[in-house]
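Colleague: Below: sequence and its predicted model.
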Amino acid sequence: MLSLQAKRPLEILLVEDNPGDARLVTEAFNEDRRSDRITVVGDGMAAMEYLKKEGQYGEAPRPDIIFLDLNLPKMDGREVLQKIKSDKELRLIPVLILTTSSDEDDILHTYHLHANCYLTKPIDFDRFVELVREIHNFWLNIVMLPSATT
């Protein structure tokens with residue numbers, strides 16, 4: 001394991017179909033003034049194309065961490081999570097569920113699929129920004145992530 005923070009900027013994949021939520025997450029990350037790179041895709045199919053480097057994503061970098069909404073068009077987040085965690089090339093990438101659902105079945109199902117954490121999006125704007133800051137601090141400043149080549 002290697003602390004990527006000290007070596008290079010992190011590659012973050014945000015899979016989010018709501019442009020407002022994507023903007024909030026991106027702005028909250030940018031407030032920290034790090035040089036981490038956030039790529040946003042708006043549906044599950046695009047997420048898998050990005051991760052598999054297909055089509056327009058042929059040169060996409062491997063993300064160090066994935067933020068995944070559950071309720072996505074084309075392929076929902078549960079299916080995306082299942083595909084990531086069953087792929088030997090992708091399964092070590094931490095996947096953080098960031099969704100509006102607080103349904104116990106969703107929480108249980110995603111942990112059974114090996115999600116690394118499950119967070120519900122607050123409705124309150126200030127709380128949403130604070131949650132993203134806390135996520136950023138914990139997952140990108142404290143946690144030791146595997147190297148991209150592992």
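Modeller: Here it is on my side, so go on. Numbers count the residues shown, from 1 in each chain.

Colleague: so how many other residues sit close to residue 137?
Modeller: 12 (other CB atoms under 10 Å). Backbone N, C-alpha and C define where each C-beta goes, glycine included.

Colleague: Just say helix, strand or coil for it.
Modeller: Look at residue 137: counting by DSSP: H, G, I helix; E, B strand; the rest coil, its state is helix.

Colleague: gap between stretch 90-106 and the chain center?
Modeller: In terms of CA atoms, centre = their mean, to the nearest Å, the centre of stretch 90-106 is found 9 Å from the chain centre.

Colleague: That one: which residues count as buried?
Modeller: For stretch 90-106, a neighbour-count test (16 or more other CB atoms under 10 Å) marks 90, 93, 94, 95, 96, 97, 98, 99, 101, 106 as buried.

Colleague: Export the residues you listed to a markdown table and append columns for pLDDT.
Modeller: Formatted as a markdown table, the buried residues of stretch 90-106 follow (pLDDT from 0 to 100):
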| residue | pLDDT |
| --- | --- |
| 90 | 95 |
| 93 | 94 |
| 94 | 94 |
| 95 | 96 |
| 96 | 95 |
| 97 | 96 |
| 98 | 92 |
| 99 | 90 |
| 101 | 89 |
| 106 | 94 |
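
Colleague: So which of those belong to helices?
Modeller: Among those, the subset assigned to helices under DSSP state H consists of residue 106.

Colleague: Which pair in the buried residues of stretch 90-106 has the greatest spatial separation?
Modeller: Maximum pairwise distance in the buried residues of stretch 90-106, criterion CB to CB, is 23.0 Å, between 90 and 101.

Colleague: Spatially nearest residue to residue 99, not counting backbone neighbours?
Modeller: Nearest residue to residue 99 in three dimensions, chain neighbours excluded: residue 70, at 4.2 Å (CB to CB, 6 or more residues apart in numbering).

Colleague: No further questions, thank you.
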